[in-house]
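>>> Below is the sequence, then the predicted model.
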Amino acid sequence: MTDRLVDSFGRVHNYVRISVTDLCNLGCQYCRPGSSLGCKVKSELLSFDQLAALVEVLAHMGVTKVRLTGGEPLLRPRLEALIGRLSRIKGISQIGLTTNGMLLGPRASLLRQAGLTDVNISIDSLVPERYAGITGGGDFNRVIKSIESSCKAGFDKVKLNVVLMHGVNDDEIEAFLKLTVNYPLFIRFIEYMPIGDRIQDWRSEYMPAESILMRCEEKGWQIEPAGGSGSTGSTGGLKDELQEEHEISGPARYYRIAGAAGEFGLISPVSRHFCGSCNRLRITANGCVKPCLYWNEEWDLKPYIGDEEGLRRILLQSLASKPLRHEMTIVPKDIASQPYTLRQMSQIGG
């Protein structure tokens, strides 16, 4: 193995998120604000050959998990072919997909057969009209069918991503939690992040992930850390646990309602950041590496693809400049001089 992907703080990076397109068929208010359905952003996308060559080098450097994102990744033609190629690269053990679910239903089985191991489906409301409003016209019923198809396809995990927004969907928290009682789903509540140019709008809609535990306490539900030895009987210990550093396996802390078939997770990049054990790199749709989602720094990889030594060098260079943490905070700050990212989430790939 060539040099491992370790930054100046000793964090080992074994996970890469790759945006395969910045096009999307939705216009979610926190991802592509002001966008209309079908709005296009022109980028020089990496070819499948380039993406496979890039992942080969990343695998040599210790990456084991790849997640394909967008925009909407299923807008990229023949995505199954790319997944098949990536699944055959030695060292890659997981290939995930983050999607809005609009195009997933009819393709779920083919994607699974190609080598896709898990799917994350974004669904920020269980009310069809509200869902359409949040997404700029999305079809709620198509997403539900995609969830059903994904469960039948046999993925290792089917996760539902819910961005928490005060005054928008926080009255649906209980409904989402009840889904985990009856179905083997992983509902992940994600704090609304200040990405792009909607800082003021973000602040008014932000709410901490810890409020989910408070809702459970109010309902009198017994919850326990997923995989724990037993129910806590209350949320007191869980709140304390939320203060601890997250595990290297990912940013979500998972919990289970007593007797539930599924689990729910909390992802809290703002209220309780998990930068200290960040293990991921992000590749934008136009072939740049972003070592941190929040900061603006990125390096163009395109000139180095095909040159393993050059590519290895630029990847290590990007990691050498990765800061210890981001500066996402609900506390008002003078951010005018801060080089935070101006890309929208759809342009980064989450």
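Right, received. Where do you want to start? Numbers count the residues shown, from 1 in each chain.
>>> Flag the shaky bits of the stretch 151-300 of the chain, pLDDT-wise.
Within the stretch 151-300 of the chain, the stretches with pLDDT under 70 are 195-201, 227-250, 274.
>>> again, only using 90
Residue ranges of the stretch 151-300 of the chain with pLDDT under 90: 192-206, 210, 226-252, 268-278, 291-297.
>>> mind listing the strands for the protein?
Here the chain has its strands, by DSSP state E, at 15-19, 65-69, 94-99, 118-122, 157-164, 186-191, 223-225, 253-257, 263-267, 280-283, 288-290, 299-300.
>>> between those strands, which one is nearest to residue 321?
Residue 321 lies closest to strand 299-300 among the strands of the chain, at 8.8 Å (Cβ to Cβ). Quick note: C-beta positions are derived from backbone N, CA and C, even for glycine.
>>> Excluding its own residues, what touches that closest one? List them.
Applying Cβ atoms under 8 Å, 6 or more residues apart in numbering, the contact partners of strand 299-300 are 287-289, 314, 317-318.
>>> Report the buried members of these.
287-289, 314, 318 (16 or more other Cβ atoms under 10 Å).
>>> need the contact list for residue 101.
Counting by Cβ under 8 Å, 6+ apart, residue 101 has contacts 121-123, 142-143, 146-147.
>>> if we can go back for a sec, would you mind putting the buried ones among the contacts of strand 299-300 into a markdown table with distance to residue 58 alongside?
Output for the buried ones among the contacts of strand 299-300, formatted as a markdown table (distance: Cβ to Cβ, whole Å):
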| residue | distance to residue 58 |
| --- | --- |
| 287 | 13 |
| 288 | 15 |
| 289 | 10 |
| 314 | 12 |
| 318 | 12 |
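>>> tell me which of these is nearest to residue 106?
Checking the buried ones among the contacts of strand 299-300 against residue 106 by Cβ to Cβ gives residue 287 as the nearest, at 29.5 Å.
>>> That closest one reaches residue 303, doesn't it?
No. Counting by Cβ atoms under 8 Å, residue 287 sits too far from residue 303 to count as a contact (9.2 Å).
>>> residue boundaries of the helices in the stretch 101-250 of the chain?
Taking DSSP state H, counting those that start in this stretch as the criterion, the stretch 101-250 of the chain carries its helices at 108-114, 128-135, 140-153, 173-182, 199-205, 211-219, 236-241.
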